[in-house]
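Participant: Sequence and predicted structure, then a few things I'm wondering about:
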Amino acid sequence: MNLLELITKNDPNVLVQVWDSASATWVAFDSPKELINKTISSKVKFVEWRFKVVKDIVRGLKLRSGMRVVVRQAARYWPNFASGQGVLKFCSNGVNDVRVILGWRVGDSDSLLSQFEFIANDKLQDVEVPAINATDADLVIQVPLQKGAKLFFGVHRLLDRNQLYARCKGDGIEVGPGPKPQILPDAQTRVKYLEQATPDQWLQLYGKDTKVPVDPELWKLYVVGNADKIPASPQSLDFVFSSHVIEHLANPLGHLAYWSGLLKPGGVVVAIIPDCSGCKDYVFLPSSIEELAVEFHKNSMIPTLAHYQRWAKFRAPNVDPAEILNSGRSIHVHFYTPESMKEILKKMHQEIGFRKFRVISEHNHKDFFVILEK
């Protein structure tokens, strides 16, 4: 779920101010704050969306045909641009055949150093920072066609998954990669891929789906098992990697303790976990450490009807939770934020077999990273 979806759902954590329709053909401003509660050409008003729980601001514009907006030296307001560690998240919605151009310029030149063209839709798309001194770059937004479009854009620091991949060296397991593993074998990495289905079953599900790239050479590295029944000997692995798996597990602390037992001393668990405050799980409260501790001491690894009832209340209110449970459908059993995960691991990391941990996160990301070292 992107920020636009949170806004349209009237989430109580989002303050929404409506932006009036624009008739001007050119708007340039030195500071976005100058346009708050001000009128340009008697009709153009600036709007901002501000999440109460983060400092980042998402701004919305509604543009008519031929309108152009320039944010001069945009990095002054989004300093991550200047370090090359930022990315513009662009989203438009409304009319699906509207073409929108976003680009970068230096000075008052009408030519853009780099530009990106989009067709309006409801998905967030990345706009890269140009390879110039981003501090001097102006952000340019323009609609060249005959219809208006709503634009939503925000800036955040990139979370680079390469820092995780660099920790996954030696012998390891990637849990639940589906048909698209992230940890690839090389001279330093010997990896197996754990899935509940066989390669033939995956090919049946995804073989004709062009949206899911599959490397046939990797199928021979797949093994069948569960997250609590990995075909590996104790203390035989250098790493266990998972992406968007932890949230599907009952008794996550028990699973992590089991994974710790498979690791050599100094081995790591590396995980990517959705942030429930910034994804489709935003309607759920983070799972409490008390709830997770109860599951840990019961040592049950299977989701219960209570898990399905909680999930179905918001995600499938018209379906019997028992029916979903009996179907074997995978759901998000637990929910986390970076802050809640830090508190959980701060109290429990030693008990589950790890000597230290690190939680890596940035505002306005749908997920965060966790590294646990044995």
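Facilitator: Here it is on my side, so go on.
Participant: Where does the prediction get shaky in the protein?
Facilitator: For the chain, the stretches with pLDDT under 70 are 1-100, 110, 114, 118-136, 141-158, 202-214, 363-364.
Participant: Can you list the strands that the top strand by length along the chain pairs with?
Facilitator: What stands out as the longest strand in the chain, according to DSSP state E, is strand 263-274. The pairing partners recorded for strand 263-274 under DSSP bridges are strand 237-243 (parallel), strand 367-373 (antiparallel).
Participant: Which of the three states applies to E117?
Facilitator: Secondary structure, DSSP: H, G, I helix; E, B strand; the rest coil: E117 is strand.
Participant: How about it: what's its closest non-neighbour residue?
Facilitator: I101 (5.3 Å; Cβ to Cβ, 6 or more residues apart in numbering). Heads up, the C-betas are built off the backbone N, CA and C, glycines and all.
Participant: Need the CA coordinates for the longest strand of the chain. CSV is fine.
Facilitator: What follows is strand 263-274, C-alpha atoms only, in CSV (Å, rounded to 0.1, in the frame of the first residue of the first chain):
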residue,chain,number,x,y,z
LEU,A,263,24.1,-21.3,12.5
LYS,A,264,27.8,-21.6,13.2
PRO,A,265,29.2,-19.2,15.8
GLY,A,266,29.2,-15.8,14.2
GLY,A,267,26.5,-16.7,11.7
VAL,A,268,23.7,-14.3,10.9
VAL,A,269,20.0,-14.2,10.4
VAL,A,270,19.2,-11.5,7.9
ALA,A,271,15.5,-10.5,7.4
ILE,A,272,13.4,-8.0,5.5
ILE,A,273,10.1,-7.4,7.3
PRO,A,274,7.1,-5.3,6.3
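Participant: thinking again about what came up before, and S287, which of the strands paired with strand 263-274 is closest to it?
Facilitator: Nearest of those to S287, taken as Cβ to Cβ: strand 367-373 at 14.4 Å.
Participant: which residues sit against the closest one?
Facilitator: 159, 161, 163-164, 167, 244, 246, 256, 260, 266-275, 279, 337-338, 341, 345, 349, 354-362 (Cβ atoms under 8 Å, 6 or more residues apart in numbering).
Participant: for stretch 225-236, same thing?
Facilitator: Under Cβ under 8 Å, 6+ apart, the answer for stretch 225-236 is 171, 173, 175-176, 192, 194-196, 223, 240, 242, 245, 249, 254-255, 258-259, 261-265, 301.
Participant: are any of those buried, and which?
Facilitator: Neighbour-count burial (16 or more other Cβ atoms under 10 Å) applied to the contacts of stretch 225-236 gives 173, 175-176, 192, 194-195, 240, 242, 245, 249, 254-255, 258-259, 262-263, 301.
Participant: In strands, which of those residues fall?
Facilitator: Per DSSP E, those map to strands at 173, 175, 192, 194-195, 240, 242, 263.
Participant: Nearest to S109 among the residues you listed?
Facilitator: S242 (47.8 Å).
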